[in-house]
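Enquirer: need the 3D shape of this:
(one chain, ligands or ions: 1)
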Amino acid sequence: MESLPFLPTYTLTHHPTPPQDPLFTSLYTLLKHNMYTLYITSILSWPTKRKLHQMRLPRMQYLVLRYSSDDSSHNTVETQSSDTRGLSTQADNESTNSDPLLAAFASFLPGTVHGVRVLYLYELQVSPSHQNRHLGEGLMWEVERRAVTGHRVEKVILTVFSANVSARRFYQRLGYELDACSSKMPVGEELPEPSFYILSKPVVTVERVEN
Ligand SMILES: CC(C)(COP(=O)(O)OP(=O)(O)OC[C@H]1O[C@@H](n2cnc3c(N)ncnc32)[C@H](O)[C@@H]1OP(=O)(O)O)[C@@H](O)C(=O)NCCC(=O)NCCS
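Expert: You can find the predicted model right below:
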């Protein structure tokens, strides 16, 4: 177990394969809580089977941040993203506190897109009561560090719903831009937006000099 230098009150755990229960269920519960409304407004249904299958892909890696304090009051759901505020959802009825100290997680897989070696970020989820404390930024920093040192890929790539305005701003601030394989942003307000965009950021792989 380790921690990120700028997030001393959180512990970071790397899982090279999908974790077992009860952690797995806690990760899924947080994911559904955060994303349910965006899914049903963007593509009309919450894809339970597909999500669980994806989360259990044998090589899916996870970074999990847990609050390293006994003060579990941090997990009360105090905030909602601006995209879901005011909307009543099925996910609202599901607790995020199956693991009271779970604060955030990221999941990712190395792969190839159009011949380019990439690290594909599948999920980045911060528990509502821990948002806006740089946990998302910290996890992305660690994902990018691992992309360079561990996986030697050219870029980190991810998908974001066009309706997820705060996440798009978040990724933009971290230097992510529309990938060449993404749907383009419509020019002119009358054109409909695509449901999602594919964003990416090049990462620098330093070649090791062999003696
Ligand atoms: C999007 C998400 C991952 C960002 O993680 P986060 O930990 O909340 O983000 P950070 O704290 O690193 O930064 C987020 C924003 O909060 C701001 N912020 C950070 N600390 C703050 C503080 N103490 N006070 C006020 N604002 C703060 C940042 O400047 C940034 O602002 P921006 O909206 O203008 O970009 C997170 O909000 C989340 O999990 N959302 C729901 C799930 C989701 O949409 N995931 C992405 C799927 S693609």
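Enquirer: so which residue is dead centre in this structure?
Expert: residue 124 (1.0 Å; CA atoms, centre = their mean).
Enquirer: paired strands for whichever helix or strand that one is part of, with orientation please.
Expert: If you go by DSSP states H and E, residue 124 is part of strand 116-126. If you go by DSSP bridges, strand 116-126 pairs up with strand 102-113 (antiparallel), strand 155-161 (parallel).
Enquirer: what about residue 170, how many neighbours?
Expert: Residues lying near residue 170 (other CB atoms under 10 Å) number 19. Yep, even glycine has a C-beta here, placed from its N, CA and C like the rest.
Enquirer: that one should be in a strand, yeah?
Expert: No: using DSSP: H, G, I helix; E, B strand; the rest coil, the secondary structure at residue 170 is helix, not a strand.
Enquirer: isn't it right up against residue 134?
Expert: No: assessed by CB atoms under 8 Å, residue 170 is found out of contact with residue 134, at 10.6 Å.
Enquirer: roughly how far apart are residue 142 and residue 40?
Expert: 31 Å (CB to CB, to the nearest Å).
Enquirer: who's more crowded, those two?
Expert: Each of residue 142 and residue 40 has its neighbours counted (other CB under 10 Å); residue 142 has more, 18 against 15.
Enquirer: next up, the contacts around the more buried one.
Expert: For residue 142, the contacting residues are 4, 12, 63, 106, by CB atoms under 8 Å, 6 or more residues apart in numbering.
Enquirer: those in strands, which ones?
Expert: 12, 63, 106 (DSSP state E).
Enquirer: okay if I get those residues as a markdown table plus distance to the ligand?
Expert: Shown next, in a markdown table, are these (distance: CB to the nearest ligand atom, whole Å):
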| residue | distance to the ligand |
| --- | --- |
| 12 | 14 |
| 63 | 13 |
| 106 | 9 |
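Enquirer: just name the closest of those residues to residue 50, please.
Expert: The shortest approach to residue 50 among the ones in strands among the contacts of residue 142 belongs to residue 106, at 18.8 Å (CB to CB).
Enquirer: just to check, residue 192 is in contact with residue 186?
Expert: Yes: judged on CB under 8 Å, residue 192 makes contact with residue 186 at a distance of 6.7 Å.
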